[in-house]
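S.K.: Need coordinates for the following:
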Amino acid sequence: MGRTGSILILIMLLAGAIASGSATFGTALIVCAALVLAYLFIDLGARKRISAEVNTLPGAGQNGRASVIAELRNRWALPVFLSYRIRVRNRYTGEETVEKRMTAVPARGSVEVTPEVKSEYPGKISFSVENIRLVDPLGITAVKTGEKASGSYTVLPDMFDVTAGSFLTESRSMDNDLYSPYRKGQDRSETFQIREYEEGDSISQIHWKLTGKTDKLIVKDPSLPLDKTIVVVVDKTSAEKLVPDRAAELAELFVSVCQGLLESGLTYRLIWCEGDDALRVEEIQFEDDLAAAIPGMLSSETGLGKSPLELYAGIIGQTEATHVIYIKAVGESMPEPEEVSEVFPGASLIPAASGPDQRDRLRAIFPEYI
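M.R.: Presented below is the predicted three-dimensional model:
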């Protein structure tokens, strides 16, 4: 009914009592007023004894939905009524919904609220139970509690398979002193690890001397020379905020490329801005590294701001690299190769722009793209 409706009822009761002189109207008005005043005193005593907690159940984020339980607790000796707001916001696309609710909470008890939290677009989804107030049953008075509970989860974009081209995966030189301690490569002059034979291993990898000594097939994995420094720059700046469909295309592109590089056995440096021109730089070597970085890349909107290339130059300066994969929304201006070389000396620029046809265009960038 709401505060306005309740006040109108009280006014009607008062008008009825004055116009008719009936005790019924007067009694009803007194009862309602007494109820409101009684709950005002109850709420003033209970305001420090209300708490809230939000939990996201396992599996949240599938198909844009999350299983969320918000628990409202009352440690006061009397039952109370609470009004609150459920706010859900996609921090990547900027979409937001707000829903007002009211519930009764028993004395020294709690209630569970299960709001529907979903987003059809990828992004870091934040949700909160906020503006929690103690109200009377008629909703006329309201006492702030100062309590708030929040949580978040990530909706991943659709992804497609990307396999890095040979110009990225093959070493330019086998005359290297540094090799990866984490991944095997193609340099057979150095051994990454020795292990037992597994189905699919090449016969050329067999270590015949150890095989003869152990009576087991033993193979040598070649090492990966560290002469390739790949940098991936995710630039979400644009002349204006991208509409959700275009923002989703951009997310699909940068997540697919980042995942594809890892699956191709490549490590890289990942650079992006995470809101208010806050530069983020992460070394991506394992799946866990990328899994931790993706929510950050999806936690701020597209639009105006400093590019990560500009911020990197101002904060860190120069870093040598062999390749810079620069990802940006289609239609937005890419940096010139000279601009990239000033920050990453010796690097070749590989521009990758998102768009409806990005899967086809990636074949020119990653020749072995499937």
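
S.K.: who does whichever strand or helix holds residue 150 pair up with?
M.R.: In the assignment (DSSP states H and E), residue 150 maps to strand 149-155. Sheet pairing for strand 149-155, assigned by DSSP bridges, gives strand 123-135 (antiparallel).

S.K.: other SSEs contacting the helix or strand just after the partner strand?
M.R.: Next in sequence after strand 123-135, counting helices and strands by DSSP H and E, comes strand 142-144. Applying 3 or more C-beta pairs under 8 Å, 6 or more residues apart in numbering; DSSP states H and E, one finds that strand 142-144 contacts helix 23-46, strand 123-135. Placement of C-beta: from N, CA and C, glycine included.

S.K.: The ones you listed: which one's closest to residue 153?
M.R.: Proximity to residue 153 (C-beta to C-beta) singles out strand 123-135 among those, at 5.5 Å.

S.K.: Pull out the buried positions in the closest one.
M.R.: Using 16 or more other C-beta atoms under 10 Å as the test for burial, strand 123-135 gives 123, 124, 125, 126, 127, 128, 129, 131, 132, 133, 134, 135.

S.K.: Would you format those as JSON lines with pLDDT and distance to residue 53 included?
M.R.: Putting those into JSON lines (pLDDT from 0 to 100; distance: C-beta to C-beta, whole Å) gives the following:
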{"residue": "123", "pLDDT": "92", "distance to residue 53": "24"}
{"residue": "124", "pLDDT": "92", "distance to residue 53": "20"}
{"residue": "125", "pLDDT": "91", "distance to residue 53": "18"}
{"residue": "126", "pLDDT": "91", "distance to residue 53": "16"}
{"residue": "127", "pLDDT": "90", "distance to residue 53": "13"}
{"residue": "128", "pLDDT": "93", "distance to residue 53": "12"}
{"residue": "129", "pLDDT": "94", "distance to residue 53": "9"}
{"residue": "131", "pLDDT": "94", "distance to residue 53": "16"}
{"residue": "132", "pLDDT": "95", "distance to residue 53": "12"}
{"residue": "133", "pLDDT": "92", "distance to residue 53": "18"}
{"residue": "134", "pLDDT": "91", "distance to residue 53": "18"}
{"residue": "135", "pLDDT": "88", "distance to residue 53": "21"}
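
S.K.: so where do the strands sit in the stretch 51-200 of the chain?
M.R.: Under the criterion DSSP state E, counting those that start in this stretch, the stretch 51-200 of the chain carries strands at the ranges 65-74, 80-90, 96-105, 109-113, 116-118, 123-135, 142-144, 149-155, 179-196.

S.K.: Can you spell out which helices and strands pack onto the first one?
M.R.: Counting by 3+ C-beta pairs under 8 Å, 6+ apart, the packing neighbours recorded for strand 65-74 are strand 50-56, strand 80-90, strand 96-105, strand 109-113, strand 116-118, strand 123-135, strand 149-155.

S.K.: quick revisit: figure out which of the helices and strands packed on strand 142-144 is closest to residue 109.
M.R.: Of all the helices and strands packed on strand 142-144, helix 23-46 sits nearest to residue 109, with 12.4 Å by C-beta to C-beta.

S.K.: avg pLDDT for that closest one?
M.R.: The average pLDDT within helix 23-46 is 73.

S.K.: returning to what we had before: mind checking which of the strands of the stretch 51-200 of the chain is nearest residue 293?
M.R.: Proximity to residue 293 (C-beta to C-beta) singles out strand 149-155 among those, at 11.0 Å.

S.K.: For the closest one, which residues meet the burial criterion?
M.R.: Buried-residue list, strand 149-155, by 16+ other C-beta under 10 Å: 149, 151, 152, 153, 154, 155.

S.K.: Stretch 262-277 too?
M.R.: 262, 264, 266, 267, 268, 269, 270, 271, 272, 273, 274.

S.K.: Please, which helix or strand holds the first one?
M.R.: Element membership for residue 262 (DSSP H and E) is helix 244-263.

S.K.: Mind giving me the packing neighbours of the helix or strand just after that helix?
M.R.: Where DSSP H and E defines the elements, the next helix or strand beyond helix 244-263 is strand 268-273. On a contact count with 3+ C-beta pairs under 8 Å, 6+ apart, strand 268-273 meets strand 230-234, strand 279-284, helix 287-297, helix 308-315.

S.K.: All good on my end, thank you.
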